[in-house]
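Asks: Below: sequence and its predicted model.
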Amino acid sequence: MKLQVKEIGEVKNIARARYYDGSDSNRAILILHGFTGHPGDMEYLGEQLNKKLDMTVSIPRLSGHGTNAADFRSTGAEDWLRAAVDSYLDLKAKYNKIIVAGLSMGGLLSLQIANGFSIDKMVLIAPALYASDRLLPIAHLLKAFNIKFKQNSYQDSLENAKTEEEKLITEDYYRYHYSSQLSELHKLMLKTRKIISNIKVPSLVIASKEDKIVPLKASEEIYDQLNGPANLEVFNNSPHVINDGPEKELCAEKIIEFIRK
């Protein structure tokens, strides 16, 4: 019997994991990208934290991201969480204290790690406890028919792509909504809503009034429910990926200040 091996797409250079060595032998930082995102989205923030704090920074690539749509469609919430936890455990094997930061879905994964493990501090950037996408609540029904929908923002994303690799990733992840993966994201949202009040770690929550993907109420609700010391920073002019938008310098400064305290 011939063994069938699943074909894995090549990881785009922009989507490859980042790892920046620092001289601090006690603490390290784990940064998690968002749903349909990749480590390149977090590069500026990772470089700034490494440079200004001289701490090791790891930005892993979550399962199914940064290759092609087929790989992405073969993964789900458990795969994304497993990749995040494995990356945390890899750092924990070398460093005593780990700071976890996450964007959007990466924020949900950060909350899950904080609920299951002892971390030093947590940073949530536009955490996707809710989303503006109206398909999310019915994605569980749509996935039975393996339905996909063309995204309204696809053309804008394609026009804003700066490199050929960014265009390829836009084609793979932003052309369509995939109902099965939306369902998996919604499942992670529902699971995370149940555990927020358990978390006592010092936290910084960052949101933007101009975020069209995750409403401000998501960050406000998390901030209200966290059971440890928490700060909420609301920006005025940033899109969803706050850490790589027009206020990225301010975002990095706020995070650096929080970590230094």
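Replies: Perfect, thanks for sending it.
Asks: Strands of the stretch 101-250 of the chain, start to end?
Replies: 121-125, 148-150, 176-178, 203-208, 230-235 (DSSP state E, counting those that start in this stretch).
Asks: So which elements touch the third one?
Replies: Packed against strand 176-178, as judged by 3 or more CB pairs under 8 Å, 6 or more residues apart in numbering; DSSP states H and E, are the following elements: helix 69-73, strand 148-150. C-beta: built from backbone N, CA, C; applies to glycine.
Asks: Spit out the contact partners of residue 132.
Replies: Residue 132 makes contact with 212, 213, 214, 215 under the criterion CB atoms under 8 Å, 6 or more residues apart in numbering.
Asks: make it 7 Å
Replies: By CB atoms under 7 Å, 6 or more residues apart in numbering, the contact set of residue 132 is 212, 213, 215.
Asks: Export these to CSV and append columns for neighbour count and distance to residue 159.
Replies: Formatted as CSV, the contacts of residue 132 follow (neighbours: other CB atoms under 10 Å; distance: CB to CB, whole Å):
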residue, neighbour count, distance to residue 159
212, 10, 16
213, 17, 18
215, 18, 25
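Asks: so which of those residues would you say is closest to residue 200?
Replies: Of all the contacts of residue 132, residue 200 sits closest to residue 215, with 25.6 Å by CB to CB.
Asks: ok, that closest one - contacts?
Replies: 130, 132 are the contacts of residue 215 under CB under 7 Å, 6+ apart.
Asks: Could you do residue 39 as well?
Replies: By CB under 7 Å, 6+ apart, the contact list for residue 39 reads 15, 16, 17, 18, 33, 59, 61.
Asks: give me that answer again for 10 Å
Replies: Residue 39 sits next to 11, 14-19, 31-33, 46, 58-62, 65-66 when contact means CB atoms under 10 Å, 6 or more residues apart in numbering.
Asks: Sort out which of those are buried, if you could.
Replies: Taking 16 or more other CB atoms under 10 Å as the criterion, what is buried in these is 11, 14-15, 18, 31-33, 46, 58-62, 65-66.
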